[in-house]
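Visitor: Fold the following for me, if possible:
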Amino acid sequence: MKKEVPADFMWHLDEVMIPYPVAIITSLDISERINAAPFGLILPYCSVAKNPQLLVCMAAMWHTSKNILATKEFVVNYAPFSLLEQVSETGKMFAEGVNELERTGLTALPAIKVKPPRIKECFQHIECVLDRIDRPTENQTNFIGNVVSISMNKELCGKSRDEKLRLADPLMLYGENVVTQKARYFRAGETRAHAPKDIHDTD
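Guide: Sure thing, here's the model as predicted:
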């Protein structure tokens, strides 16, 4: 038995079950003050090696959105489950110009190719330069960034996917109340490798 549900406001974080990896995006304002905030709507946009790109979706009124529009650079820092409380804290409604990394005890680490910093406590970082924007509504801005550098903890390099998952222990989100900002988080559990017996259907 199936039931149709409406696509109400913030449907992707409420009624519909869509899990997301959580990352903290760091950016700078025009005065080069650091801003950090958590996001889940982040996806690879172009996967070819000659033009890797990342898509980030966010509300237009947020400081991160305004910073990216002004300075054209940002870093996506993927957080481990152990940072749950600090990640949540970076999402508080701080005044413009407040350095959320300092407020939450996280450590700024110089980026390789862009001005906004990486976060030392995060296990993986994707540095981006803005390529173009898409505005599906006046309240939402989607940024497509050119990936200029990817870095990760050395212990992850050369490991199998299962080993990377275990070592990184990524923080995942599966719903949020946008009024109270109370989110539901989880970590990876059972994994299993599987492939069809014959990838070519010749029948």
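
Visitor: after the helix or strand harbouring residue 149, next one along is what?
Guide: Per DSSP states H and E: residue 149 is located in strand 140-152. Downstream of strand 140-152, the first helix or strand assigned by DSSP H and E is helix 161-168.

Visitor: Need the contact partners of that next one.
Guide: The contact list for helix 161-168 (C-beta atoms under 8 Å, 6 or more residues apart in numbering) reads 78, 80, 123, 124, 153, 155, 156, 159, 188, 191, 193. All C-beta atoms are positioned from the backbone trio N, CA, C, and that covers glycine.

Visitor: buried sites along the following helix or strand past that helix?
Guide: Sequence-wise, the next helix or strand downstream of helix 161-168 (DSSP H and E) is strand 172-177. Residues of strand 172-177 classed as buried: 172, 173, 175, 176 (neighbour count, 16 or more other C-beta atoms under 10 Å).

Visitor: Would you mind measuring from residue 64 to residue 166?
Guide: Using C-beta to C-beta, to the nearest Å, residue 64 is found at 30 Å from residue 166.

Visitor: do residue 42 as well
Guide: Distance from residue 42 to residue 166, by C-beta to C-beta: 22 Å.

Visitor: The two - which one has more neighbours?
Guide: residue 42 (20 against 12; other C-beta atoms under 10 Å).

Visitor: In contact with the more buried one, which residues?
Guide: Contact partners of residue 42, counting by C-beta under 8 Å, 6+ apart, are 20, 21, 23, 54, 55, 56, 57, 76.

Visitor: ChimeraX command to pick out the buried ones of the residues you listed?
Guide: Typed into ChimeraX, the line below selects the buried ones among the contacts of residue 42, using 16+ other C-beta under 10 Å:
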select :20,21,23,54,56,57,76
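
Visitor: Can you show me the strands along the chain?
Guide: Secondary structure of the chain (DSSP state E): strands located at 20-21, 23-28, 34-39, 42-46, 53-59, 73-78, 108-109, 118-119, 124-137, 140-152, 172-177, 182-186.

Visitor: Looking at the buried residues of strand 172-177, which is nearest residue 72?
Guide: Relative to residue 72, the closest of the buried residues of strand 172-177 is residue 173; by C-beta to C-beta it sits at 27.0 Å.

Visitor: mind listing what the closest one touches?
Guide: 19, 20, 21, 22, 40, 183, 184, 185, 186 are the contacts of residue 173 under C-beta under 8 Å, 6+ apart.

Visitor: follow-up on the earlier one: and the strands of the chain: which comes nearest residue 84?
Guide: strand 182-186 (5.5 Å).

Visitor: now residue 40: how far from residue 19?
Guide: Counting by C-beta to C-beta, the gap from residue 40 to residue 19 is 9 Å.

Visitor: out of these two, which sits in the more crowded spot?
Guide: The neighbour count for residue 40 versus residue 19, taken as other C-beta under 10 Å, is higher for residue 40 (19 against 11).

Visitor: Check whether that one really touches residue 22, as I assumed.
Guide: Yes: contact criterion C-beta atoms under 8 Å: residue 40 and residue 22 qualify, at 5.5 Å.

Visitor: Quick check: which ranges of this protein have low pLDDT?
Guide: Low-confidence segments of the chain (pLDDT under 70): 10-14, 177-179, 181, 199-203.
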